[in-house]
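J.: below: sequence and its predicted model.
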Amino acid sequence: MKFLHKLFSSQLGNPRGFVGRLVGKILLSYGNRSASRWLLERMRNIPARNVLEMGYGPGETMLDYGSQHTEAAVFGVEVSKDMLQLAQAKAASRDLSDRVFPNLYDGELLPFSDHSFD
């Protein structure tokens, strides 16, 4: 049991491989749902054209925001290549690739110019 806890815990910061995809799809997608809903509810009436989410995981929050705010461009940065691929696939399946843009981030310099986001 301790081994499984350690295995899953190690995937939360940078999900990778089969276990990382499992963590992203199950734990992060559903486990963060209430926090995501809370945030989206508070942002509902805030007009924004360019939004940035850092550490988007499977991308549920930025995809939901992109669905609700069709005028906004939603960018995300994430260190996990597996979460990038998962978020890109979800954006494509929800027809949001034109306004939700997941990006890979190395943890150093953000790939955006200053003052890019509302």
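T.: All right, it came through fine. Numbering: from 1, shown residues only.

J.: so Glu108, which state does it fall into?
T.: Three-state call for Glu108 (DSSP: H, G, I helix; E, B strand; the rest coil): coil.

J.: got a list of what Leu40 touches?
T.: Applying CB atoms under 8 Å, 6 or more residues apart in numbering, we find Leu40 in contact with Thr61, Asp64, Tyr65, Gln68. C-beta: built from backbone N, CA, C; applies to glycine.

J.: what about 6 Å?
T.: Contact partners of Leu40, counting by CB atoms under 6 Å, 6 or more residues apart in numbering, are Asp64.

J.: helices along the chain, start to end?
T.: Secondary structure of the chain by DSSP state H: the helices cover 2-10, 17-22, 29-31, 33-43, 60-68, 81-93.

J.: okay, the residue lying closest to Leu86 once chain neighbours are set aside: pLDDT?
T.: Nearest non-adjacent residue to Leu86, counting by CB to CB, 6 or more residues apart in numbering: Pro58, 5.1 Å away. pLDDT recorded at Pro58 is 85.

J.: cool, and Met1?
T.: Looking at Met1, its pLDDT is 56.

J.: neighbours of Ser34, how many?
T.: 9 (other CB atoms under 10 Å).

J.: now swap in Gln88 and tell me
T.: Count around Gln88 with other CB under 10 Å applied: 16.

J.: what does the one 4 residues further on give?
T.: The burial metric for Ala92, expressed as a neighbour count using other CB under 10 Å, is 11.

J.: mind listing what Gln68 touches?
T.: Per CB under 6 Å, 6+ apart, neighbours of Gln68: none.

J.: let me fix that, I meant to ask about Gly76.
T.: Contact analysis of Gly76 by CB under 6 Å, 6+ apart lists Glu53, Tyr56, Met62, Pro102.

J.: and it, bridged to which residues?
T.: On the basis of DSSP bridges, Gly76 is bridged to Glu53, Pro102.
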